[in-house]
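A.B. asks: okay, here's the prediction I keep looking at, along with the sequence it came from:
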Amino acid sequence: MHVHRFERLWFGASLVLVVAFIGTIIYGAVGPGIAMVDDSGGTVDPSVIADGDYESVDNFREPGVYDTEDGVDVYVVARQYLFQPGTSEAIRVPAGEPVTFHVTTPDVTHGFNLAGTNVNSMVIPGQIAEFTVTFDETGKYGIVCHEYCGSGHHTMEGQVVVVE
Ligand code: CUA
């Protein structure tokens, strides 16, 4: 059977595309440096976070930075329309050590993205988003809320400062 040369060419090109698409999906699921949202951070009663009664929660602490054996733990509350700790207090973390973020919200779904990095998570009421990052270099990173959360969404920002 004779297949026209151009037909063979396009058939080959479409096969390459199909394989490439499947490849990107697999890369997204298991590729390096990409963590999918899961429930490993645990859950928390959003009303307790709203009240600021952190003492009564066993897997979430007062917003701030805490030393651990090999790095730091950072607890962040996202709320309409700010991050705690906020820009004035800035979250100061060390370079070259694992930094584990625990982020939750008492009100609506927010986003937590460190501008210029691939640190990116949704923040869902009742859920604690947990992820670990090691910063190679010192610098300042803006925290951006990238989920529309209300009229003040565009003003919602914070800052992470990576120091020596
Ligand atoms: Cu919080 Cu948008």
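C.D. replies: Nice, I can see it. Numbers count the residues shown, from 1 in each chain.

A.B. asks: count of residues packed around Pro46?
C.D. replies: Neighbours of Pro46 under the rule other CB atoms under 10 Å: 17. Every C-beta, even on glycine, is put in place using the N, C-alpha and C of the backbone.

A.B. asks: doesn't Pro46 make contact with Pro125?
C.D. replies: Yes. Shown here, Pro125 and Pro46 form a contact pair, counting by CB atoms under 8 Å, at 4.4 Å.

A.B. asks: can you pull the contacts of Asp73?
C.D. replies: When the contact criterion is CB atoms under 8 Å, 6 or more residues apart in numbering, the partners of Asp73 are 61, 65-67, 100, 102.

A.B. asks: what's the overlap in contacts for Pro125 and Pro46?
C.D. replies: Taking CB under 8 Å, 6+ apart as the criterion, Pro125 and Pro46 both touch 104-107.

A.B. asks: restrict these to those near the ligand?
C.D. replies: Of the entries in the shared contacts of Pro125 and Pro46, none also sits close to the ligand under the rule CB under 6 Å from any ligand atom.

A.B. asks: tell me the one among those nearest to the ligand.
C.D. replies: When these are compared for distance to the ligand (CB to the nearest ligand atom), Thr105 comes out closest, at 8.0 Å.

A.B. asks: thought that closest one was touching Val44?
C.D. replies: No. Here Thr105 does not reach Val44: they are 9.8 Å apart, not a contact under CB under 8 Å.

A.B. asks: possible to save the contacts of Asp73 as JSON lines with pLDDT?
C.D. replies: Written out in JSON lines, the entries for these read as follows (pLDDT from 0 to 100):
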{"residue": "Arg61", "pLDDT": "93"}
{"residue": "Val65", "pLDDT": "95"}
{"residue": "Tyr66", "pLDDT": "95"}
{"residue": "Asp67", "pLDDT": "94"}
{"residue": "Thr100", "pLDDT": "94"}
{"residue": "His102", "pLDDT": "95"}
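
A.B. asks: can you pick the most crowded of the residues you listed?
C.D. replies: Comparing the contacts of Asp73 on neighbour count, His102 comes out first with 21 neighbours (neighbours: other CB under 10 Å).

A.B. asks: I'd say that residue and Ile128 touch.
C.D. replies: Yes. Here His102 lies in contact with Ile128, judged by CB under 8 Å, at a distance of 5.4 Å.
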